[in-house]
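Engineer: please work out how this folds:
(one chain, ligands or ions: 2)
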Amino acid sequence: MSTPELPADEPVMSAAICPPREAATIVAARIIAAGFTAYFAGGCVRDELLKIEPTDFDLATDALPHDIAKLFRSARGVGESFGVMLVRCRGRTIEVATFRTDGKYEDGRRPSHVRFATEEEDAKRRDFTINGLFQHPITLKVIDYVDGQRDLEARVLRAIGDPAARLNEDRLRTLRAARFAARFSLRVDSATAAAIRDAAGDLTGVSRERVGGEFRRMLTHPTRRAAIELIEEWGLDAPALGEPNSRGELARVAALGHDASFATALAAWRFDRGHRCNASQPGAWRGPLNLSTREAGDLDAICAIVEQLRSAWDFLPVAAQKRLASRPVFSSAVAVLAGENPAQAGTIIERVAVLQEEFGGLEPIPLVSGGDLIALGCAPGPRFKATLDGLYDRQLEGVLTTREHALSIARAEWFFE
Ligand code: ATP
Ligand code: MG
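Structural biologist: Numbering: from 1, shown residues only. Ligands and ions are numbered 1, 2, ... in the order given. Modelled structure (predicted):
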């Protein structure tokens with residue numbers, strides 16, 4: 001085996017960004033040149049065997065964290081007790097983890113301790129066989145202690161070892177199973193699926209942050225519908241969302257575009273589950289899925305706009321239609337509506353295209369500003385805002401088209417009404 005010659009720390013510290021695989025190879029080669037073992041590990045090996053470009057390349061090594069710290073000036077520990085170091089290389093951050101076994105997952109969340117171990121033990125501590133592969137970064141030989149290649153070829157998702165025991169160690173793995181099976185169109189091994197169903201209720205013990213993170217990754221992927229089907233089929237929706245298990249048509253989720261946002265996918269799923277997302281339910285799913293303020297706000301706004309579009313759009317005056325169509329999540333709401341009523345969504349899209357061309361478009365610069373009203377002698381207060389809004393509505397409707405006209409109306413209404 002030959003290793004490329006590397007000058008001191010230069011390539012590792014250089015600022016030029018290179019592809020992640022190249023950066024990981026440079027880091028691995030340095031570790032190997034120092035006499036250790038280093039492999040590409042887990043998801044990146046799986047992805048490349050499936051001919052998918054990995055997003056990141058993680059390394060696994062027998063070098064200890066302090067060896068990595070000596071080899072790379074940029075190395076920083078993340079949870080050093082877990083033996084994970086981050087190394088900067090050519091503008092990339094590479095995760096370098098020492099081979100380990102995980103101790104007991106006492107709270108169903110994360111191991112209470114880890115022990116540095118052999119590469120075989122490290123492969124076998126992982127969740128599913130397809131995630132348990134290593135690859136030598138220079139010879140490209142795949143190192144397979146778990147029959148992961150066989151399962152990848154047969155397109156099967158299978159827990160490593162005893163499924164019930166593995167799921168019991170970390171119950172998040174039930175959700176991860178749905179994510180991987182959906183994402184790669186895998187059949188789920190029957191013993192693994194049976195263990196997932198048995199373990200489903202225990203998901204309540206997993207931190208909301210981890211649960212929310214898994215949902216975020218599942219629902220922002222084009223295969224979200226398959227993931228949700230598995231989640232509902234396995235009964236994971238009940239403990240994840242804190243509501244009864246529900247299985248049914250996922251018409252709205254299915255109709256979403258590939259790049260739909262997390263909030264959009266959640267809104268589609270909520271309606272598919274038969275929720276009425278009206279004002280009495282703001283903040284639903286925020287706690288269970290640990291949504292950010294922005295995500296929770298967008299979810300509620302999308303649901304509210306869908307309801308308005310269904311029942312009121314046709315009757316709204318032009319100004320109100322324009323105001324609604326200018327909302328940042330309006331297109332998300334239309335996308336959700338398209339899953340239940342494509343004809344209505346199509347009509348709305350056509351109408352918005354017309355509104356965009358009429359009277360300065362959806363959001364023209366106001367003819368009259370707050371500063372203008374003050375200059376006229378109007379005092380700030382509730383009436384001030386109502387006056388400005390009223391002027392803007394008439395501008396949106398094409399009643400006011402010049403600044404002079406708008407100012408004269410403002411003066412007349414303020415002082416003579
Ligand atoms: P993705 O492409 O979504 O990042 P991934 O397989 O890389 O998928 P990560 O969550 O990044 O998934 O984890 C990297 C690797 O670490 C996995 O391939 C798996 O081997 C292992 N791993 C991660 N989380 C767990 C877990 N909860 N239980 C067991 N092994 C895990
Ligand atoms: Mg990963």
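
Engineer: so F134 sits in a strand?
Structural biologist: Yes: assigned with DSSP: H, G, I helix; E, B strand; the rest coil, F134 falls within a strand.

Engineer: residues contacting it?
Structural biologist: Y39, F40, A41, V45, A60, E119, A123, V142, I143, D144 (CB atoms under 8 Å, 6 or more residues apart in numbering). (C-beta placed from N, C-alpha, C; glycine too.)

Engineer: what distance do you get for it to ligand 1?
Structural biologist: From F134 over to ligand 1 the distance is 10 Å, taken as CB to the nearest ligand atom, to the nearest Å.

Engineer: pull up the per-residue confidence for that residue.
Structural biologist: If you check F134, the pLDDT there is 98.

Engineer: got it, and the one 5 residues further on?
Structural biologist: Reading off the confidence values, T139 has pLDDT 97.

Engineer: and it, that's in a strand?
Structural biologist: No: under three-state DSSP, T139 falls outside any strand and is assigned coil.

Engineer: count of neighbours near it?
Structural biologist: 9 (other CB atoms under 10 Å).

Engineer: distance of it from T25?
Structural biologist: Plainly put, T139 is 12 Å away from T25 if you go by CB to CB, to the nearest Å.

Engineer: what's the neighbour count on the residue of the chain found nearest ligand 1?
Structural biologist: For the chain, the residue closest to ligand 1 is G43, as judged by CB to the nearest ligand atom, at 2.3 Å. For G43, the neighbour count with other CB under 10 Å is 19.

Engineer: so it makes contact with D58?
Structural biologist: Yes: look at G43 against D58 with CB atoms under 8 Å: they come within range, at 7.1 Å.

Engineer: got the residues of the stretch 1-150 of the chain near ligand 1?
Structural biologist: Proximity of the stretch 1-150 of the chain to ligand 1, by CB under 6 Å from any ligand atom, involves residues G42, G43, D58, R126, D127, N131, G132.

Engineer: repeat the analysis, applying 5 Å as the threshold.
Structural biologist: G42, G43, R126, D127, N131 (CB under 5 Å from any ligand atom).

Engineer: what sits against L391?
Structural biologist: Contacts of L391 (CB under 8 Å, 6+ apart): P366, L367, V368, L400, A406, I409, A410.

Engineer: any weak-confidence spans in the stretch 1-150 of the chain?
Structural biologist: Filtered on pLDDT under 70, the stretch 1-150 of the chain yields the residue ranges 1-15, 79-81, 103-113.

Engineer: now do the strands in it.
Structural biologist: Taking DSSP state E, counting those that start in this stretch to define them, one finds strands in the stretch 1-150 of the chain at 38-41, 58-61, 76-78, 84-89, 92-98, 100-102, 114-116, 133-135, 142-144.

Engineer: tell me what the first one is packed against?
Structural biologist: Going back to what we said before, that points to strand 38-41. Using 3 or more CB pairs under 8 Å, 6 or more residues apart in numbering; DSSP states H and E, the elements in contact with strand 38-41 are helix 20-33, strand 58-61, strand 133-135.

Engineer: and the ones you listed as CSV, adding distance to A335?
Structural biologist: What follows is the helices and strands packed on strand 38-41, written out as CSV (distance: least, CB to CB, whole Å):
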stretch, distance to A335
helix 20-33, 32
strand 58-61, 34
strand 133-135, 37
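
Engineer: just so I know, which of these lies nearest V87?
Structural biologist: Across the helices and strands packed on strand 38-41, V87 has its closest neighbour in helix 20-33 (5.2 Å, CB to CB).

Engineer: contacts made by that closest one with the rest, please.
Structural biologist: The contact list for helix 20-33, computed with CB under 8 Å, 6+ apart, reads 1, 3-4, 6, 11-12, 37-40, 44, 54-59, 61, 63, 68, 71-72, 87, 89-92, 94, 96, 137-138.

Engineer: which ones are touching L362?
Structural biologist: Contacts of L362 by CB under 8 Å, 6+ apart are K322, A325, S326, V352, L355, Q356.

Engineer: show the backbone phi and psi for the residue lying closest to the last one once chain neighbours are set aside.
Structural biologist: Translated: Q356. Spatially, and ignoring its direct neighbours in sequence, Q356 is nearest to L362 (5.7 Å; CB to CB, 6 or more residues apart in numbering). When quoted as degrees, to the nearest 10, the phi and psi of L362 stand at phi -70, psi -40.

Engineer: need the pLDDT of L362.
Structural biologist: Per-residue pLDDT puts L362 at 95.

Engineer: likewise E413?
Structural biologist: pLDDT recorded at E413 is 87.

Engineer: let me know the helix or strand that it is in.
Structural biologist: Per DSSP states H and E: E413 is located in helix 403-416.

Engineer: sorry, back to before: gap between the residue nearest to Q356 and A319?
Structural biologist: According to CB to CB, L362 and A319 sit 10 Å apart.

Engineer: one more: I26?
Structural biologist: To A319, I26 is 59 Å away according to CB to CB.

Engineer: low-confidence regions, the stretch 251-400 of the chain specifically.
Structural biologist: Applying pLDDT under 70 to the stretch 251-400 of the chain flags the ranges 276-281.
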